[in-house]
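J.: Task: produce atomic coordinates for the following.
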Amino acid sequence: IPSEIKVLSELGFLDLSSNNLQGSIPDELKTLVKLTRVFLEGNKLGGIVPNEMCDTKKVSMKIKVDCDKVTCSCCDGCKSKYDESSLQVPNSNLTSNRRRNRIEAKSLTLLGTETTVKNSPQNLAMRWMIDYDHDQLDADSPHFSQRLVVALIFYSLGPLGWTDSFRQNPVDECSLYGVTCVSKMIVSLDLSSQSMRGTIPSGIQHLTKLTSIDFSHNNLRGEIPEGLASISELETLKLQYNKLVGTFPEGICSGGSVSFQVDCDAVSCSCCENCMVEDYPIQASTRVTEIKEKLKEVSYQELDSESSPSSPRIKAQNWVINLDQMQLPASSETMVHRYILAVLYYSLGGEEWSASINDWLEGHMCQWSGVTCFMNREIVSLTMSEFGLRGQIPYELGQLNGLLTIDFSSNSISGHVPPELGDLEFLKTLNLLSNSMTGVVPPEVCKLRHESGDLEELDADCNTENQHHLACPINCCTSCSFS
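T.: Numbers count the residues shown, from 1 in each chain. Take a look at the predicted model:
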């Protein structure tokens, strides 16, 4: 729901129920003073209904939300099991405003400037501590930081087992599902298979007594926060079977921890149990042999013993075997995909691309400029218009069978269109306009337009009056021009 809804100043009735809305309920709803009906149930919304809406004196106000996902003290069916009197601040010498200001300052120190961003997880956690924490802890409480971080984890990741307890009951963090405490301090978070989704928040390092974290088998994304390295007593960290990417923080590897696990095909880690080369069931020399044999199947026209060391395929093979930080085994499909992109990189002059886009061959391939993936796994788009591409399109590209879009327009690509692109049965867009290619668009590719595929757009330089043109059979290209 966009925050711009606030401009509908005459709005009195808002019914967005039974849809697929996501995100948080915008704070701006509280400015719509004529609003008397708000129906938002049956969606995937989270966050907090602004207190100002609950404080209204309009007796006709009626609000409906999904109480298992949204915190609300006045919505139908969302009443907490404690009454308003139980929310009074225990310390009568500390006024509500003073407590709020202290919590805001402490939260800013612990969680950073994200606390000032409306409806961010950090902001929601801070607001929950101010308005909904049953114990009304003050910022000076020895357990304030711990409870704030627990709220942050809830609003960032949404562990399934925390929903009922967190939304409707007074929260004792040590009684939450998967939480183990010693002397009321959290020492373990076992939240495997909890349908968690989102990015691991950096503030988790303020649980300073943690010895074990198990977030495996969820739907976590993004990178692993560097702050975890500051948890000095951390011994076990399980993050495998997620969609995390990037590099495992070296600061954690240099500590005394004993057990780390991640998805090695997506996260580069020098100390994780299942990622080190010596832990594969093959020796390093065998790995090299098996990778070479595998890549011969991929690059079936080259990679023999007589190939030039300067050829794009030999360079890509050397990168996969020796330089790629992930050091993947021959059995990894991701290794093959990384190799194909490396062939593309070296074939199209990647070493001369501008610095602003030349982030290839570092980190996760789904974060490389122009590359788009589905669920951080399968490559679905190569959008590389005006990249300065120079050279010939490698035929190996036809083995990235999840591709939906290839946009190589406005570059200096030469040579022919590889017939192997006709193997991309799900390809919807192929844009080769404004290049220097010659020859004929292969019938294998044209078949994708009508017979064997889903190709909807095929744009090429088929202006026959120019020396650089592609002859395009009838009913094949959808756009035929040269700029």
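J.: pLDDT-wise, which helix or strand of the chain ranks last?
T.: Counting by mean pLDDT, DSSP states H and E, the weakest-scoring helix or strand in the chain turns out to be helix 163-168, with a mean of 68.
J.: Would you state the helices of this protein in chain order?
T.: Assigned by DSSP state H, the helices in the chain fall at 51-54, 96-111, 121-131, 144-157, 163-168, 250-253, 284-298, 312-318, 333-347, 443-450.
J.: These: lowest mean pLDDT?
T.: In terms of average pLDDT, helix 163-168 trails the rest of these, at a mean of 68.
J.: show me what contacts the nearest residue to Ser165 once chain neighbours are set aside?
T.: The shortest distance from Ser165 to any non-neighbouring residue, by C-beta to C-beta, 6 or more residues apart in numbering, is to Leu176 (5.9 Å). For the C-beta atoms, the positions are set from N, CA and C on the backbone; glycine is no exception. For Leu176, the residues meeting the contact criterion (C-beta atoms under 8 Å, 6 or more residues apart in numbering) are 150, 161-162, 165-166.
J.: and the residues you listed, which are buried?
T.: 150, 161-162, 165-166 (16 or more other C-beta atoms under 10 Å).
J.: Make a markdown table from these and add distance to Pro2 to it.
T.: Compiled in a markdown table, the buried ones among the contacts of Leu176 are given as follows (distance: C-beta to C-beta, whole Å):
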| residue | distance to Pro2 |
| --- | --- |
| Val150 | 30 |
| Gly161 | 32 |
| Trp162 | 28 |
| Ser165 | 32 |
| Phe166 | 27 |
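J.: For those, which two are the farthest from each other?
T.: Put simply, by C-beta to C-beta the two of these set farthest apart are Val150 and Gly161, 12.7 Å from each other.
J.: Excluding chain neighbours, what is closest to Leu108?
T.: Nearest residue to Leu108, sequence neighbours excluded (C-beta to C-beta, 6+ apart): Thr115, at 5.3 Å.
J.: thinking again about what came up before, turn the helices of the chain into a markdown table, columns for distance to Asn242.
T.: Conversion of the helices of the chain to a markdown table gives the following (distance: least, C-beta to C-beta, whole Å):
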| stretch | distance to Asn242 |
| --- | --- |
| helix 51-54 | 35 |
| helix 96-111 | 22 |
| helix 121-131 | 17 |
| helix 144-157 | 11 |
| helix 163-168 | 20 |
| helix 250-253 | 16 |
| helix 284-298 | 25 |
| helix 312-318 | 28 |
| helix 333-347 | 15 |
| helix 443-450 | 35 |
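J.: quick one, which of those helices is nearest to Asp15?
T.: Go through these one by one with C-beta to C-beta and the one that ends up closest to Asp15 is helix 51-54, at 15.6 Å.
J.: Can you dump the C-alpha atoms of that closest one in PDB for me?
T.: This file holds the C-alpha atoms of helix 51-54, laid out as PDB (Å, rounded to 0.1, in the frame of the first residue of the first chain):
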ATOM      1  CA  ASN A  51      -1.700   3.900  17.400                       C
ATOM      2  CA  GLU A  52      -3.400   7.100  16.400                       C
ATOM      3  CA  MET A  53      -6.000   5.100  14.500                       C
ATOM      4  CA  CYS A  54      -6.800   3.200  17.600                       C
END
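J.: re the thing from before, mind checking the helices of the chain for the one nearest to Thr36?
T.: For the helices of the chain, distance to Thr36 was read as C-beta to C-beta. The smallest value, 10.6 Å, belongs to helix 51-54.
J.: Tell me which stretches of the stretch 301-450 of the chain form strands.
T.: With DSSP state E, counting those that start in this stretch applied, the stretch 301-450 of the chain shows strands at 371-374, 378-383, 390-392, 405-407, 412-414, 429-431, listed in chain order.
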